[in-house]
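Colleague: Next come a sequence and a model predicted from it.
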Amino acid sequence: MRSVVRTLLTEKVATCVAVLTLAVGIGASTAVFTMISSIVLRPLPVTEPARLARLYLGDSQEDAWAYRVWQEIDGRSEGVFAGAFASSRMPFEVGAAGESRFVEGLWASGGLFETLGVQALLGRVFTAADDRHGCGADGPVAVVSHRFWQGHFGDGADVIGRRLPVNGTPFTVIGVTPPGFFGPTVGRTFDVAVPLGCESLVRGRRSVLDNQPLIPWLHITLRHAPSSRSGATPIVRSWQPAIREAAMPERMTAAGRERYLREPMVLLPAGDGGASTLWQRHWTTLLALLAVGGLLFVWWPAPTSQTSCWRAGCHAGARSPCGWRSAGHPGRSRASRCWRAPCCRRRAADWVARSDTG
């Protein structure tokens with residue numbers, strides 16, 4: 001142990017290179033594994049996440065649908081599926097004028113929490129009764145996340161019934177979600193969730209529900225019934241001609257119309273991280289970062305050996321242990337002369353042999 005410590009203290013440059021390389025490798029690998037765990041390995045913290053499925057468009061993996069499509073799906077899913085909801089993420093400006101800030105907002109239909117099996121930590125969650133066009137009988141209501149409740153309301157139990165301006169419209173807070181619930185999508189979080197039917201009240205003349213019901217902006221999730229799980233996709237495809245006919249975009253050519261009606265609807269798992277849109281979009285980046293971290297672990301002895309040899313005197317003009325004299329090559333850089341020296345080549349060969357055997 002004393003010999004090791006003495007060597008490390010003597011070869012300060014080599015020690016610094018090794019420690020920094022290991023630190024970067026460990027940090028990069030930890031960060032990548034944390035990201036993979038959060039968006040790939042971790043399922044939704046809801047009741048029976050394996051029974052959840054998201055509606056996609058064929059092989060394109062597109063999952064944005066128009067409000068008209070959601071209306072058709074919602075009307076047909078009752079009695080066939082155990083639940084269904086539509087949702088869309090969007091930044092909300094919350095707070096009074098002059099003190100407002102943007103948070104992660106979530107538009108969601110009334111079946112969101114019932115389909116996921118999520119109960120409120122405080123108060124209640126909104127239901128289909130609150131998701132009426134123009135809001136329900138209780139007016140504009142909102143459910144906030146546990147994180148937002150702690151940060152914005154300071155853990156106060158009196159949060160229920162308080163007013164929360166959302167994009168300039170006052171909403172009444174009716175519930176707080178449990179700390180483990182982060183939203184309907186793996187890898188994404190929310191702060192404030194409001195019923196989809198309140199969209200026209202908040203946006204007014206710019207309402208998508210009233211003025212542009214054929215614009216795709218909603219994600220549709222269904223919960224399989226125990227008896228319909230294996231045949232869920234064929235059921236949805238049997239609805240497809242009527243659904244797509246009702247949601248046909250305007251000004252479409254005959255060829256485009258035929259292709260639009262022919263593209264199949266597909267249900268894919270939505271409760272695990274493998275179906276996360278973040279994973280589908282960024283898996284190459286995550287794997288590249290993981291590969292970089294692995295290479296740092298594999299290659300860290302190389303700069304250490306080179307630095308040690310350089311400090312040993314190969315670059316100083318003195319004769320190295322293997323007989324190489326750098327003074328005879330004045331036109332070359334120190335690092336190049338040192339690395340081409342037989343002592344450095346021998347160390348590199350030893351390192352390669354250790355790597356191959358290890």
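Modeller: That came through fine.

Colleague: what ranges of the stretch 101-250 of the chain fall below the confidence cut-off?
Modeller: The stretch 101-250 of the chain contains residues with pLDDT under 70 at 228-230.

Colleague: one more time with 80
Modeller: In the predicted model, the stretch 101-250 of the chain carries pLDDT under 80 at residues 186-187, 227-231, 249-250.

Colleague: next one: phi and psi at residue 128?
Modeller: phi -60, psi -30 (degrees, to the nearest 10).

Colleague: Can you name the residues that contact it?
Modeller: Residue 128 is in contact with 109, 110, 111, counting by Cβ atoms under 8 Å, 6 or more residues apart in numbering. The C-beta positions use only the backbone N, C-alpha and C, and glycine is treated the same way.

Colleague: what does residue 148 give?
Modeller: Applying Cβ under 8 Å, 6+ apart to residue 148 gives the contacts 103, 191, 192.

Colleague: Would you check how far apart the second one and residue 44 are?
Modeller: This means residue 191. 18 Å (Cβ to Cβ, to the nearest Å).

Colleague: What is the neighbour count of residue 52?
Modeller: The burial count assigned to residue 52 is 26, neighbours taken as other Cβ atoms under 10 Å.

Colleague: what does the model give it for pLDDT?
Modeller: Turning to residue 52, the model gives it a pLDDT of 92.

Colleague: Tell me, how many residues neighbour the nearest residue to residue 153 once chain neighbours are set aside?
Modeller: The shortest distance from residue 153 to any residue other than its chain neighbours is 4.6 Å, reached at residue 159 (Cβ to Cβ, 6 or more residues apart in numbering). Other residues near residue 159 come to 20 when the count uses other Cβ under 10 Å.

Colleague: list the buried ones in the longest strand along the chain?
Modeller: Across the chain, the longest stretch assigned as strand under DSSP state E is strand 83-94. Residues of strand 83-94 classed as buried: 83, 84, 85, 86, 87, 88, 89, 92, 94 (neighbour count, 16 or more other Cβ atoms under 10 Å).

Colleague: The fourth one touches residue 70, doesn't it?
Modeller: Same thing as residue 86. Yes: the pair residue 86 / residue 70 is scored as a contact, 4.3 Å apart, by Cβ atoms under 8 Å.

Colleague: Give the residues shared as contacts by these two.
Modeller: Jointly contacting residue 86 and residue 70 under the rule Cβ under 8 Å, 6+ apart are 109, 218, 220.

Colleague: Identify the bridge partners of the second one.
Modeller: This means residue 218. Under the criterion DSSP bridges, residue 218 forms beta bridges with residue 65.

Colleague: burial count for it?
Modeller: The number of residues packed near residue 218 is 23, by other Cβ under 10 Å.

Colleague: what about it, distance to residue 73?
Modeller: 10 Å.

Colleague: Now do the shared contacts for those two.
Modeller: Counting by Cβ under 8 Å, 6+ apart, the shared contacts of residue 218 and residue 73 are 65, 86.

Colleague: As a check, name the ranges of all strands in the stretch 51-200 of the chain.
Modeller: With DSSP state E, counting those that start in this stretch applied, the stretch 51-200 of the chain shows strands at 52-57, 65-66, 83-94, 101-108, 122-123, 141-144, 163-166, 169-176, 192-195, listed in chain order.

Colleague: So what touches the last one?
Modeller: Counting by Cβ under 8 Å, 6+ apart, the neighbours of strand 192-195 from elsewhere in the structure are 92, 94, 103-110, 112, 126, 130-132, 135-136, 140-145, 148, 164, 166, 171, 202.
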